[in-house]
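Trainee: sequence first, predicted coordinates after that:
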Amino acid sequence: MATETLTETRESVSLDVPWNIVVHDDPVNLMDYVTWVLRKVFHYDHGLAHRLMMEVHTAKRSVVWTGEREKAELYASQLQGFQLTTSLEKPA
Amino acid sequence: MKIAPTLNGGMRIDAESAADWQILRYLPYDARPQELAQRLADATEEDTTDWREYVLPDLQDSFTQQIAFVYHAIEKAAAEAKEQEGALFVEKEDALTWYGALNQARLTLQAMHQLPQTPSELQGMEPERRGAFYRSQFYCIIQTLLIERVL
């Protein structure tokens, strides 16, 4: 008796949610350097980069960029290349 | 040892004794490029399989190149030194490579020894950890000059 295999394919489409890039505080990276890196990677003006750096310093973490996943991965890898402790997270 | 900015926007480090060369030569050995890249990749908290496959090798290569560059610069300057006196030039275009190597060393020393922030906490500290603290402070001074004057 022959057996037959049925293959069923389901597709699911949903909107891509924005991803956060989080920079974490550490006791080594200098504050001016963190500001310099944020300006270099994101082209932020000095005021914004400094504010985000201060948030890293005081709150121990700061969401420095939010957007599509591919770009977030690219930026996160660049920040790690500058030796900043960086993570990616989906907003809750 | 003396450290000063140069007219072309870089920095020079004048070593004047065997001890100066010794502390400079510690730098490439204090940094552990492979381990640092791994720690940074682990912190990503994303799908680490992809991250390890695509990003980690690039980080490891980049960090290793920084250390190799600094190692050769120090050895070249040491070989050209006369009676332990010699100059190490950090050109403006190489400043980020130097900064990265110094940062690697400090991040690694911090991870290995959990160094205190101030010398007041050094009392009773074992010699190896105390040595790591002073080297980290020395690297930090060069980094500060690089970021203020060169980068």
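Mentor: In hand now; what should we look at? As the structure is a computational prediction, the values presented were derived from the model and not from experiment.
Trainee: name the element residue 72 belongs to?
Mentor: Since no chain was named, I'll use chain A. helix A:69-81 (DSSP states H and E).
Trainee: the chain in question should be chain B.
Mentor: B:H72 belongs to helix B:56-80 when assigned by DSSP H and E.
Trainee: tell me which residues in that helix are buried?
Mentor: Applying a neighbour-count criterion of 16 or more other C-beta atoms under 10 Å in any protein chain shown, one finds B:56, B:59-60, B:62-63, B:66-67, B:69-71, B:73-74, B:77-78 buried in helix B:56-80. C-beta: built from backbone N, CA, C; applies to glycine.
Trainee: buried ones in the helix holding A:A72?
Mentor: A:72-73, A:75-81.
Trainee: cool, and stretch B:86-96?
Mentor: B:86, B:88, B:90-91, B:94-96.
Trainee: could you tell me how far the helix or strand of chain B with the lowest mean pLDDT lies from the centre of the chain?
Mentor: The least trusted helix or strand in chain B, going by mean pLDDT, DSSP states H and E, turns out to be helix B:48-54, with a mean of 79. Offset of helix B:48-54 from its chain centre (C-alpha atoms, centre = their mean, to the nearest Å): 27 Å.
Trainee: can you give the contact residues for that helix?
Mentor: Residues outside helix B:48-54 that contact it (C-beta atoms under 8 Å, 6 or more residues apart in numbering or on different chains): B:41-42, B:44.
Trainee: which among those count as buried?
Mentor: Among the contacts of helix B:48-54, those buried by neighbour count (16+ other C-beta under 10 Å) are B:41, B:44.
Trainee: mind putting the contacts of helix B:48-54 into JSON lines with distance to B:Q123 and secondary structure?
Mentor: Listed next are the contacts of helix B:48-54 as JSON lines, based on distance: C-beta to C-beta, whole Å; DSSP: H, G, I helix; E, B strand; the rest coil:
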{"residue": "B:A41", "distance to B:Q123": "37", "secondary structure": "helix"}
{"residue": "B:D42", "distance to B:Q123": "34", "secondary structure": "helix"}
{"residue": "B:T44", "distance to B:Q123": "38", "secondary structure": "coil"}
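Trainee: among the contacts of helix B:48-54, which are within reach of chain A?
Mentor: B:41, B:44 (C-beta under 8 Å from any C-beta of the partner chain).
Trainee: closest one to chain A out of the contacts of helix B:48-54, please.
Mentor: For the contacts of helix B:48-54, the minimum distance to chain A (C-beta to the nearest C-beta) is 5.6 Å, reached by B:T44.
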